[in-house]
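Undergrad: 3D model of this:
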Amino acid sequence: PPAAPNKGDRWIAQLFSEPVSAGTAARDQRLAKIRQTVPEAVYVRSDNFASLRPGFWVIYAPGPFANGRAALNFCRDRGRTSANTCMGRYLSKNAADFALQCRPPAADPTGRCTRP
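TA: This is a model prediction of the structure:
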């Protein structure tokens, strides 16, 4: 399956993080499973984005999303309502954006759901 282009500076709905050490077969299997409910899901290697923890394949829905709350609403509508199945994240090359993590529930999220 194709990876997403390395474009940052946007909110995404992070659906899963697979350790790179698990291999590409594990990543592809997880992506196929997620695409059963989120067909537009894609992945990036977290090492390419300073706002993400390195060492993972990050599977996500690209949106576009105006903010982290919009990403959580997208996930809620697909039955993905826990922090293990969805989180609004800001994808960028700026390490200062690592803190931009919006956690469910969509009705009352925690974390930083908007970018200053």
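Undergrad: Tell me how far the closest residue to Arg35 other than its chain neighbours lies from Ala61.
TA: Excluding the flanking residues, the one nearest Arg35 by Cβ to Cβ, 6 or more residues apart in numbering is Ala41, at 5.2 Å. C-beta: built from backbone N, CA, C; applies to glycine. According to Cβ to Cβ, to the nearest Å, Ala41 and Ala61 sit 6 Å apart.
Undergrad: where do the contact lists of the two overlap?
TA: The contact sets of Ala41 and Ala61 overlap at Leu15 (Cβ atoms under 8 Å, 6 or more residues apart in numbering).
Undergrad: quick one: pLDDT of the residue nearest to Arg35?
TA: The model reports Ala41 with a pLDDT of 95.
Undergrad: Ala4 now?
TA: pLDDT, Ala4: 57.
Undergrad: and what of Asp28?
TA: For Asp28, the predicted pLDDT is 96.
Undergrad: just the one 4 residues further on next, same as before
TA: For Ala32, the model assigns a pLDDT of 97.
Undergrad: what do you get for the one 3 residues further on?
TA: Among the per-residue scores, Arg35 shows a pLDDT of 96.
Undergrad: so how far is Leu15 from it?
TA: Plainly put, Arg35 is 10 Å away from Leu15 if you go by Cβ to Cβ.
Undergrad: Repeat that for Lys33.
TA: Per Cβ to Cβ, Lys33 is found 10 Å from Leu15.
Undergrad: Looking at those two, which one has more neighbours?
TA: Remark: of Lys33 and Leu15, Leu15 carries more neighbours, 26 against 12, as counted by other Cβ atoms under 10 Å.
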